[in-house]
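Asks: Build me a structure from this.
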Amino acid sequence: NRYRSIMQAESLVPIKDEPAPARLLKRGSSHGSSANLGIEGHGEEGTLEYRIKAHEKEGVAKGKKEISLWHDVTLVHIDPATDRPTPYLNFVCEIPKFSRKKYEIATDEVGNPIKQDEKKGKLREFKKGDIFFNYGCLPRTWEDPTFFHPDAEGCRGRNNSCPI
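Replies: So this is what the prediction gives:
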């Protein structure tokens with residue numbers, strides 16, 4: 001399958017003929033899966049102040065340590081049972097299917113919570129009804145607004161995470 005061949009092409013390749021150290025695959029503050037993440041709403045839903053934040057579910061920092069869904073979740077999914085990378089990518093769902101509120105990661109706020117998008121002080125929603133798919137982004141990615149890819153017909157990055 002095409003996805004697996006892409007993942008194999010982008011795997012870590014050891015320098016020389018030595019195996020790559022496991023510490024290169026994962027940082028201590030990284031989250032490779034949702035196994036230890038809790039999600040909680042803060043503020044009154046339907047207001048400009050409402051935020052959805054992620055935090056540690058278990059362990060010493062249980063409920064105390066905020067997790068950035070953009071920076072602290074790894075791009076490659078880590079199997080919580082084996083602590084090894086899988087051939088899958090993590091996905092942060094900003095807008096669940098069958099909903100119409102336009103949520104997004106707040107890239108300019110500490111901890112990068114999810115907030116409802118606003119325009120001119122008003123909360124945004126899809127006007128034509130609920131969307132029929134999950135919409136979100138890939139963690140630890142960024143579209144560079146200064147880069148023009150030759151295959152993208154003059155388009156450049158949005159200064160945001162890569163959407164899915």
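
Asks: residue contacts, the residue nearest the centre of the chain?
Replies: Ranked by distance to the mean C-alpha position of the chain (C-alpha atoms, centre = their mean), the top residue is residue 139 at 3.0 Å. For residue 139, the set of contacting residues under the criterion of C-beta atoms under 8 Å, 6 or more residues apart in numbering consists of 69, 70, 71, 72, 73, 74, 75, 90, 92, 161. C-beta coordinates here come from the backbone N, C-alpha and C atoms, glycine included.

Asks: OK, contacts around residue 95?
Replies: Residue 95 makes contact with 101, 102, 103, 131, 134, 135, 136 under the criterion C-beta under 8 Å, 6+ apart.

Asks: Correction: the previous question concerned residue 71.
Replies: 112, 139, 140.

Asks: okay, those residues in TSV with distance to residue 85 and secondary structure next?
Replies: Rendered in TSV, the data for those read as follows (distance: C-beta to C-beta, whole Å; DSSP: H, G, I helix; E, B strand; the rest coil):
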residue	distance to residue 85	secondary structure
112	23	coil
139	14	coil
140	13	coil
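
Asks: Let me know the average pLDDT across stretch 101-109.
Replies: Per-residue pLDDT over stretch 101-109 has a mean of 93.

Asks: Between its first and last residues, how far does that stretch reach?
Replies: 20 Å (C-alpha to C-alpha, to the nearest Å).

Asks: Quick one: find the helix or strand in the protein with the lowest mean pLDDT.
Replies: For the chain, scoring each helix and strand by mean pLDDT, DSSP states H and E identifies helix 2-9 as the least confident one, at a mean of 31.

Asks: Enumerate the positions of the next helix or strand after it that are buried.
Replies: Following helix 2-9 in sequence order, the next helix or strand is strand 37-42 (DSSP states H and E). By neighbour count, with 16 or more other C-beta atoms under 10 Å as the criterion, the buried positions of strand 37-42 are residue 37.

Asks: export the helix or strand just after strand 37-42 as PDB, just CAs?
Replies: Beyond strand 37-42 on the C-terminal side, the first helix or strand identified by DSSP H and E is strand 51-56. Output in PDB follows, covering the C-alpha atoms of strand 51-56 (Å, rounded to 0.1, in the frame of the first residue of the first chain):
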ATOM      1  CA  ARG A  51     -10.900  26.100  25.400                       C
ATOM      2  CA  ILE A  52     -10.300  22.300  25.100                       C
ATOM      3  CA  LYS A  53      -7.100  21.300  26.800                       C
ATOM      4  CA  ALA A  54      -5.200  18.000  27.000                       C
ATOM      5  CA  HIS A  55      -3.500  16.800  30.100                       C
ATOM      6  CA  GLU A  56      -1.700  13.800  31.700                       C
END
